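Novice: coords below, sequence missing:
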């Protein structure tokens, strides 16, 4: 005959074992779910990183193709169009020498020669802007200085350019130099064309293994969010962001309507 106390003890022990097994099962299920969730998150993160890297590589390839096309166009302008214009100019010079006695024709010929000289100058200018030879030969500092000097001569705006911690002949990765140069072209164009700036300041330096570039203008400013989200007006901003993403750069733009714009760019060089 089974003792009642023994039966109660067995029931308590059995219940305890079942409860313990239930707790263990719950803990196991929770642990498994948490581990599975962590694995899913890691997979999603890995897939996103892979996607971002593919996008970065595609963008880098697109920019490289763009620069190659710029070089091709510049070469065609210089070697073919420029050469043809030069030959045409020489032909006109010979014609003018034969028209010394025909006053009206001589005047027309001289006017035409002046137009040809202007055309040749424009072709050379466009060719040089497409492929900044100064950047290739002498580096970032001198190419920026040359660009600013040219823009200054063609506008009424005042420019200041300073650099710290960088040697005038110091070279960086070609992608970094070209990106900064293109960004400066875009920023100067925006400041003159859209902001009506009369004073523009450019500062370049190195801090904590980063190139720090600050561009300031006293123009009329703009609503950054409104322009950034506008499919038409925000194209220049998105292009700058795209260029910087290729070299892991960051851009910060502070602007308010009526108070100018400050653009700060950081690019790692380590």
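Specialist: Good, I have the coordinates. If you're wondering where the values come from, they're calculated on a predicted model, not measured in any experiment. Numbers count the residues shown, from 1 in each chain.

Novice: all helices of the stretch 51-200 of the chain, in order?
Specialist: Defined through DSSP state H, counting those that start in this stretch, the helices belonging to the stretch 51-200 of the chain, from first to last, are 82-98, 103-130, 133-138, 140-154, 174-193.

Novice: okay, the angle between the last one and helix 140-154?
Specialist: In terms of direction (axes from the mean of the first three to the mean of the last three CA atoms, to 10 degrees), helix 174-193 departs from helix 140-154 by 20 degrees.

Novice: And the protein, what are its domain boundaries?
Specialist: Residue ranges for each domain of the chain read 1-131, 134-270, as given by automatic domain parsing.

Novice: Where among those domains is average confidence lowest?
Specialist: Mean pLDDT across these is lowest at domain 1-131; the value there is a mean of 67.

Novice: now residue 263, nearest residue through space, not along the chain?
Specialist: Residue nearest to residue 263 in three dimensions, not counting chain neighbours: residue 215, with 4.4 Å by CB to CB, 6 or more residues apart in numbering. Bear in mind the C-beta positions are built from the backbone N, C-alpha and C, glycine included.

Novice: what about that neighbour, is that helix, strand or coil?
Specialist: At residue 215 the chain is in strand, as set by DSSP: H, G, I helix; E, B strand; the rest coil.

Novice: Do I have it right that it meets residue 262?
Specialist: Yes: if you go by CB atoms under 8 Å, residue 215 and residue 262 touch, sitting 7.5 Å apart.

Novice: who's more crowded, these two?
Specialist: Relative neighbour count places residue 215 above the other of residue 215 and residue 262, with 23 against 15, counting by other CB atoms under 10 Å.

Novice: how about the more buried one, what does it touch?
Specialist: The contact partners of residue 215, taken as CB atoms under 8 Å, 6 or more residues apart in numbering, are 184, 187, 191, 200-202, 261-265.

Novice: Name the nearest of the residues you listed relative to residue 244.
Specialist: Taking CB to CB as the measure, residue 244 sits nearest to residue 265 out of those, at 6.9 Å.

Novice: Number of residues surrounding that closest one?
Specialist: Should you count by other CB under 10 Å, residue 265 turns out to have 23 residues around it.

Novice: With residue 267 instead?
Specialist: Taking other CB under 10 Å as the criterion, the count of residues near residue 267 is 21.

Novice: Now name the helix or strand holding it.
Specialist: strand 261-268 (DSSP states H and E).

Novice: Just want the phi and psi numbers for the closest residue to residue 256 other than its chain neighbours.
Specialist: The spatial neighbour of residue 256 that comes closest, neighbours along the chain excluded (CB to CB, 6+ apart), is residue 221 at 5.1 Å. Note on residue 221: backbone dihedrals following degrees, to the nearest 10 are phi 70, psi 180.

Novice: Tell me who's in contact with residue 221.
Specialist: With contacts defined as CB under 8 Å, 6+ apart, residue 221 is in contact with 195, 255-261.

Novice: Only the buried subset of those, as a ChimeraX command please.
Specialist: This is how ChimeraX selects the buried members of the contacts of residue 221, with burial counted by 16 or more other CB atoms under 10 Å:
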select :195,255,260,261
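
Novice: related to what we said a few turns ago, ok, what's across the strand from the residue nearest to residue 263?
Specialist: residue 202, residue 263 (DSSP bridges).

Novice: That one and residue 37, how far apart?
Specialist: 45 Å (CB to CB, to the nearest Å).
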